[in-house]
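> give me coordinates for this.
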Amino acid sequence: MTQSVQAKARLNRIDSALAIVTALLALLLLTGWYFSDRFLTLRNFMNVLEQAAALGFASLGQALVVLVGGIDLSIGAMVTASNVLLAAVVEMNPALMVPMLVITLVFGALIGLINGFVILRSGVHPLIVTLGTASILNGAVLVYTLQPTGGVPFWFEEFAYGRLLTLPISGLVMILCFILAFGVLRYTALGRAFYAVGGHLEAANLVGLRNNRITLIAYAASGFLAALAGAYYVSRTGVGDPRVGDPITLASITPVILGGIVLGGGKGNVLGVFLGVLLMSLLANLLNYMDVSTFAQWIIQGLIIILAVAIRVGKGGRV
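Next up is the predicted model:
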């Protein structure tokens with residue numbers, strides 16, 4: 001009976017978070033319609049979906065880590081390191097493009113695994129470990145180069161700019177990643193283990209779940225998705241940028257909070273994270289239409305986060 005009550009309360013919290021982010025999306029669309037006749041066009045929505053890909057990849061990785069009770073402050077640095085690694089090694093050589101793309105994605109997953117291993121073996125809080133990893137990666141990249149470097153074949157731009165039946169390829173890949181994560185978390189034993197480890201570590205130990213394995217999988221997935229975001233940026237700009245990932249770490253946490261993933265783990269839904277990604281991407285798009293400065297955009301985005309969190313806490317939720 002108690003478990004049933006707890007499950008119902010958990011679903012209510014998730015529904016509340018989804019309702020809040022959906023309401024904010026509706027309000028944003030209404031505001032956009034008022035300020036710009038171009039905002040509610042199909043062309044603009046497709047552009048937003050294309051531009052949201054990197055944030056989507058990074059936020060999904062962050063969500064998986066937070067679900068198991070962790071946090072990953074190295075995501076931005078992994079985006080940068082993967083971005084520069086791919087562009088610098090390929091250096092416009094078409095023959096190296098596919099092998100280096102695979103190597104780059106494996107590199108991201110490996111860095112994630114190292115994060116998870118150090119956290120598990122040392123007992124140090126994930127915030128400190130991943131912050132240290134970020135410092136190492138950023139330092140290594142800046143030792144290598146202080147300016148954009150390398151290059152990729154022109155055909156790789158299709159990942160960022162290509163269309164499939166008018167839909168952006170990068171946006172479709174992002175959506176497929178969210179669908180895969182949703183299916184795994186909702187319908188598989190692995191997904192249930194994510195929630196168990198994040199929400200009730202001691203209970204998970206008692207029933208014999210391999211907590212270490214689940215944590216490693218979460219951090220490896222985060223690293224893989226960060227590397228995918230780095231590859232997206234290479235496709236978009238054609239070069240490796242040593243500062244490209246700087247804003248991504250904190251930006252990746254925003255949709256996680258808006259979408260209802262509880263910091264501390266065990267509760268939340270990646271559907272809410274996806275809606276949070278759309279919300280923040282549409283907001284940035286609208287503010288650009290309104291000629292709002294980047295610095296003012298930071299203020300507005302921060303206010304939205306505080307508002308969403310305050311509403312959830314006021315309804316008895318938990319951040």
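> pull the contacting residues for the closest residue to residue 21 other than its chain neighbours.
Distances taken as Cβ to Cβ, 6 or more residues apart in numbering place residue 275 nearest to residue 21, at 4.6 Å, with adjacent residues excluded. In short, each C-beta sits where N, CA and C put it, glycine included. Residue 275 is in contact with 18, 21-22, 25, 255, 258-259, counting by Cβ atoms under 8 Å, 6 or more residues apart in numbering.
> from these, which two are the most distant?
22 and 255 (13.5 Å; Cβ to Cβ).
> who has more neighbours, those two?
More neighbours surround residue 255 than the other of residue 22 and residue 255, with 30 against 13 (other Cβ atoms under 10 Å).
> once you drop chain neighbours, what's closest to that one?
Leaving aside its sequence neighbours, residue 255 sits nearest to residue 276 (Cβ to Cβ, 6+ apart; 3.0 Å).
> how much space between the one you found and residue 132?
For residue 276, the distance to residue 132 (Cβ to Cβ, to the nearest Å) stands at 27 Å.
> okay, those two: which has more neighbours?
For residue 276 versus residue 132, neighbours defined as other Cβ under 10 Å are more numerous around residue 276 (29 against 15).
> what about that one, which SS state?
Recorded secondary structure, residue 276: helix (DSSP: H, G, I helix; E, B strand; the rest coil).
> any idea how far residue 162 is from it?
Taking Cβ to Cβ, one finds residue 276 at 25 Å from residue 162.
> what's the answer for residue 305, then?
33 Å.
> ditto for residue 280
Distance from residue 280 to residue 162, by Cβ to Cβ: 23 Å.
> what about the two, which has more around it?
The residue with more neighbours, out of residue 280 and residue 162, is residue 280; 21 against 16, by other Cβ under 10 Å.
> buried set for the helix or strand hosting the more buried one?
For residue 280, the host element (DSSP states H and E) is helix 270-289. By neighbour count on 16 or more other Cβ atoms under 10 Å, the buried set for helix 270-289 is 270-287.
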